[in-house]
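>>> Kindly generate the corresponding structure for this input.
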Amino acid sequence: MGNIVQPMWQECPALTRMVVAGYPALSVVLLLLGSVSPEVVARIFSCDLISVTSHYAIWTLFTSAFYLPFQGGMSFLTMLFELYMAMMTFPAREKDMGSCTFFIWMMMVIGLTNVGYLAIMSVISHVADPMEASRPNQGLWPLVMVCLTLRSLADAEAQTSFFGLVQIPNKWYPIALVGFFCLMSMSLQWNLVVALALGYAYPILRLDRCMPRRTRVNGLERRCCSSGRCGFAGGSWIAATATAAYEVETGDRRYAGLTDFAGGYQNSSQQQQETAPASSTPSNFTAFAGSGNRLGEANSGIPLQEVQVQPPPTDAVLTATAPPAGQQSSE
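So this is what the prediction gives:
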């Protein structure tokens, strides 16, 4: 197991390491604190309909994802699986968005999933079971499910092994995973259903437009970390300047596309046309119109070479100068 986790841990940037290390540590601390004052823990980290609507604990919409109460061996195994999936899905997205933007993105996704979950709980509590109003949504699974769905949709035509049993196309893999979890728990996991719906609707809603510009994030990072060497547990903080989105926004891209080459060619041609009258020959130039120099003159700088002319053979001279035979006879 260590041979699997160690390479994954090495690939995790700073924020992912904070979540992976802080999630179980905070859960253990809150478990001990909950034995003394369970109401305080519930008011801060339990996102349920009663806490939000009756006690106005709005912050639980964002804090509930970082606490999972231990209720036996199954919850411990669930946390281990959550951490494994987090190390699998979080690093690529953090490297693509930058650590600060990824943190903002996590808060947005956690808040949206909790809002959708509370809306469903509100309907169920009024229609079927009033006890559903106190059913909380806690843990990293909704956030992991959104990341997994986006990762699967990015390569929808490929296939993924479902626990080594069957190959499932990536576009259906998240649905199969949520169905498996609901089957194992013998109940419908509404938090995972909401996260699944958010993941599939994410490209349609274009939620990336809600993210701040990388230039603003860069200014915030400069004020908070002037040295530029932030990290956690050996993981490096991915600055906004190290992402591709920052290069696109600022126009300082490292790699040029075909349009860049076309634009560069047009610009260079235009510059050549603008600078041509100053560097090339005049437009009224006519070939061979100058005075020039004769070959062999001293001013030309080309010395004449001595050429020896050999006389033709004697027989050829006699043949060329002798009159025709008809003319001799007539004379």
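>>> Scan the protein for its longest helix.
helix 99-127 (DSSP state H).
>>> Mind checking what helix or strand follows that one in sequence?
The C-terminal neighbour of helix 99-127 among helices and strands, as given by DSSP states H and E, is helix 141-154.
>>> ok, residue 196 - contacts?
145, 149, 174-175, 178 (CB atoms under 8 Å, 6 or more residues apart in numbering). Where you see a C-beta, it was placed from the backbone N, CA and C, and this is true even at glycine.
>>> roughly how far apart are it and residue 93?
Separation of residue 196 from residue 93 (CB to CB, to the nearest Å): 17 Å.
>>> go on, residue 246?
Counting by CB to CB, the gap from residue 246 to residue 93 is 16 Å.
>>> again with residue 192
19 Å.
>>> Going by how many neighbours each has, rank the two and give me the top one.
When residue 192 is set against residue 93 and neighbours are counted by other CB atoms under 10 Å, the residue ahead is residue 192, at 23 against 18.
>>> thought that one was touching residue 180?
No - Residue 192 is not in contact with residue 180 according to CB atoms under 8 Å; the separation is 10.3 Å.
>>> Only the buried residues of stretch 192-202, if you could.
192-196, 198-200, 202 (16 or more other CB atoms under 10 Å).
>>> typo on my end, stretch 101-110
If you call a residue buried by 16+ other CB under 10 Å, then stretch 101-110 has these buried ones: 101-103, 105-106, 109-110.
>>> Repeat that for stretch 171-183.
Buried positions in stretch 171-183, judged by neighbour count with 16+ other CB under 10 Å: 171, 173-174, 177-178, 181.
>>> what does that stretch contact?
Residues beyond stretch 171-183 that count as contacts (CB under 8 Å, 6+ apart) turn out to be 145, 148-149, 152-153, 156-157, 160, 162, 168, 188-189, 192-193, 196, 199-200.
>>> Pull out the buried residues from stretch 66-83.
For stretch 66-83, the neighbour count (16+ other CB under 10 Å) marks 66-70, 78-79, 82-83 as buried.
>>> no wait, stretch 51-67
Going by 16+ other CB under 10 Å, stretch 51-67 has these buried residues: 51-52, 57, 60-61, 63-67.
>>> What's the end-to-end length of it?
The first and last residues of stretch 51-67 sit 16 Å apart, counting by CA to CA, to the nearest Å.
>>> Quick check: mean pLDDT of that stretch?
Averaged over stretch 51-67, pLDDT sits at 90.
>>> Now find how far off-centre it is within its chain.
Mean C-alpha position of stretch 51-67 versus that of the full chain (CA atoms, centre = their mean, to the nearest Å) differs by 32 Å.
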